[in-house]
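Enquirer: Can you look at this prediction? I've put the sequence above it.
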Amino acid sequence: YKVIAVNYCVTVCSRTRLQLMGMKRLMTQTLLAASLLLVAPLAWALEFEMQMQTKCIYEEINANVLVVGDFKAFHRDHPEVPETVDVRVEDPHSLVLFEGHGKNEGQFAFTTKTAGEYKACFTVRDLQTAYQTKLKLDWRTGVAATDWGAIAKKEHLDALTVELRKLEDNIREVYSEMLLLQQREQEMRDISEQTNTRVAWYSITSLLICIGSGCWQLWYLRRFFQRKKLL
């Protein structure tokens with residue numbers, strides 16, 4: 001009986017251990033999937049032809065957000081041949097955050113101070129060069145722009161902890177986006193209410209002017225007819 005009991009305990013413990021490992025693997029996969037879903041909107045790559053001497057890319061970004069952009073310019077028909085461009089990145093108040101001249105590839109990085117529309121402008125030397133230049137831009141913000149490998153190495157974090165940190169930062173950014181949308185909704189509601197109030201006062205003023213004009217016309221016509229002794 002002792003041997004049977006020991007074997008039963010070993011079997012149960014093994015099954016429990018396998019179940020715990022499976023749950024941990026499932027949790028890791030779930031966190032990875034959730035992180036990918038949340039990070040997806042925060043990073044995008046764009047490849048486009050210049051077609052004009054200056055072309056700008058705009059992005060709406062919140063305050064206190066890390067932004068990293070990698071760019072590479074090359075010939076449209078021969079990707080192995082590099083082309084040079086001038087790069088200029090500005091904040092919503094037209095303050096220059098990054099500027100480079102005669103570069104075929106590079107990177108810019110900054111942390112936003114105010115929420116608004118940030119832009120990155122690329123310029124070539126002439127229009128003929130623009131028609132044969134193609135540019136690739138990899139724009140990352142927030143969690144997608146963070147170097148998690150360096151953080152994990154510095155703080156000695158395992159893969160699961162790093163994914164949890166990513167998920168936490170993603171949730172924080174989503175919450176910040178929701179607050180920004182709520183603020184904009186409030187601003188739009190205030191503008192709508194102000195517009196409705198102005199329209200109402202305009203209608204009342206127009207009505208009063210029409211009534212006053214009608215009364216004045218009646219008074220003038222009555223006086224005119226009295227003068228002509230028709231009344």
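Expert: Thanks, I have it. This structure is a prediction, so every number in the text was calculated from the model and none was measured. Numbers count the residues shown, from 1 in each chain.
Enquirer: helix or strand right after the helix or strand bottoming out on mean pLDDT in the chain?
Expert: Least confident helix or strand, the chain: helix 2-39 with a mean of 45, by mean pLDDT, DSSP states H and E. Note on helix 2-39: by DSSP states H and E, the next helix or strand toward the C-terminus is strand 43-49.
Enquirer: other SSEs contacting whichever helix or strand comes after that following strand?
Expert: Proceeding N to C from strand 43-49, the next assigned helix or strand is strand 54-61, under DSSP H and E. Here strand 54-61 touches strand 116-123, strand 133-141, going by 3 or more C-beta pairs under 8 Å, 6 or more residues apart in numbering; DSSP states H and E. Bear in mind the C-beta positions are built from the backbone N, C-alpha and C, glycine included.
Enquirer: Apply 10 Å and report the result again.
Expert: strand 43-49, strand 66-75, strand 85-90, strand 116-123, strand 133-141 (3 or more C-beta pairs under 10 Å, 6 or more residues apart in numbering; DSSP states H and E).
Enquirer: among those strands, which is nearest E105?
Expert: Nearest to E105, of all the helices and strands packed on strand 54-61, is strand 66-75, at 4.1 Å by C-beta to C-beta.
Enquirer: That closest one to strand 54-61, inter-axis angle?
Expert: Angle, strand 66-75 to strand 54-61, by axes from the mean of the first three to the mean of the last three C-alpha atoms, to 10 degrees: 160 degrees.
Enquirer: ok, E83 to W219 distance?
Expert: 79 Å (C-beta to C-beta, to the nearest Å).
Enquirer: These two - which one has more neighbours?
Expert: E83 (22 against 10; other C-beta atoms under 10 Å).
Enquirer: Spit out the contact partners of H93.
Expert: Counting by C-beta atoms under 10 Å, 6 or more residues apart in numbering, H93 touches K113, T114, G116.
Enquirer: per-residue confidence for it?
Expert: Note for H93: predicted pLDDT of 91.
Enquirer: likewise the one 3 residues further on?
Expert: Looking at V96, its pLDDT reads 93.
Enquirer: give me phi/psi at it?
Expert: Main-chain dihedrals, V96, degrees, to the nearest 10: phi -70, psi 120.
Enquirer: about what we covered before: the helices and strands packed on strand 54-61 into a markdown table, with extra columns for mean pLDDT and mean neighbour count?
Expert: A markdown table is the format used below for the helices and strands packed on strand 54-61 (pLDDT from 0 to 100; neighbours: other C-beta atoms under 10 Å):
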| stretch | mean pLDDT | mean neighbour count |
| --- | --- | --- |
| strand 43-49 | 77 | 12 |
| strand 66-75 | 92 | 19 |
| strand 85-90 | 94 | 20 |
| strand 116-123 | 92 | 17 |
| strand 133-141 | 90 | 20 |
